[in-house]
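Peer 1: need coordinates for the following:
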Amino acid sequence: MSSYEKIIKTYVNSLYQVSQEENLEKILFDQICFVQDIFNKNLDLVNILKVPTINKLEKTKIIDEIFKNKLNIYIINFIKILINNNRISLIFKIIDKYKKLYYKKNNIKLIKIISAIDLDDLEKKDIILKSEKLFNKKIIADFIVDKKIIGGVIIESDDKLYNMSVSNKLANIKKLIVEKII
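Peer 2: Residues are numbered from 1 along each chain as shown. This is a model prediction of the structure:
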């Protein structure tokens, strides 16, 4: 593990420990996701927070102005700690690791569900329920439409791929025919 990975892990574990001790796991998770969204939409803000010539006090005032009354004090102070320790450049990696830890601790799995057509809510719910049984975890799904798969669905997770698409079945049939001819 590199020194940056150790640093990131330390920050992630510290924030998560506070969330558990204060019984704020879900709230802090939602808010760290909100921070990620704000920073993703405002990369100039992140870049300003990284500038070494801008006073740290000024940077923390910016955080107060933007997030006061919008975030729990633990998240605000966490961002300020990153600024004061010159670690704000790690914010996106810290948030990603924090989210992964939260998902792991709460038995949640992120998956992509790829279909040839836009699925209605009932179909999405059905696929999520079946996926929860398949993975034995609560599922958060990202639904993607890809007409190239012709029909069926593909379920992707970080460690598994279930390809039940028509295009995959056709490719398998083609492969069998080619093997029989050769």
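Peer 1: select the longest helix from this protein.
Peer 2: helix 3-21 (DSSP state H).
Peer 1: how far away is Y11 from L24?
Peer 2: Distance check for Y11 against L24: by C-beta to C-beta, to the nearest Å, it reads 17 Å. From N, CA and C alone the C-beta is placed, and that goes for glycine too.
Peer 1: again, but for K41
Peer 2: 24 Å.
Peer 1: tell me where the protein has strands.
Peer 2: Secondary structure of the chain, counting by DSSP state E: strands at 108-115, 138-145, 152-156, 161-165.
Peer 1: and Q36, how many neighbours?
Peer 2: 17 (other C-beta atoms under 10 Å).
Peer 1: and the pLDDT for the residue nearest to it when sequence neighbours are not counted?
Peer 2: Once flanking residues are discounted, Q36 sits nearest to I95: 4.7 Å by C-beta to C-beta, 6 or more residues apart in numbering. Per-residue confidence at I95 stands at 98 (pLDDT).
Peer 1: buried residues, stretch 123-138. List them.
Peer 2: 127-128, 131, 134-135, 137 (16 or more other C-beta atoms under 10 Å).
Peer 1: rewinding a little: any residues touching the longest helix of the chain, and which ones?
Peer 2: 1, 24-25, 27-29, 32, 74, 78, 82, 87, 90, 93-94, 97-98, 101-102, 105 (C-beta atoms under 8 Å, 6 or more residues apart in numbering).
Peer 1: just the buried members of these?
Peer 2: The neighbour-count test (16+ other C-beta under 10 Å) marks 24, 28-29, 32, 74, 78, 82, 87, 90, 94, 97-98, 101-102 as buried among these.
Peer 1: now render those residues as a markdown table, adding distance to V145.
Peer 2: As requested, those are exported to a markdown table (distance: C-beta to C-beta, whole Å):
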| residue | distance to V145 |
| --- | --- |
| L24 | 36 |
| L28 | 33 |
| F29 | 28 |
| I32 | 29 |
| Y74 | 39 |
| F78 | 37 |
| L82 | 38 |
| R87 | 39 |
| L90 | 34 |
| I94 | 32 |
| K97 | 30 |
| Y98 | 30 |
| L101 | 31 |
| Y102 | 28 |
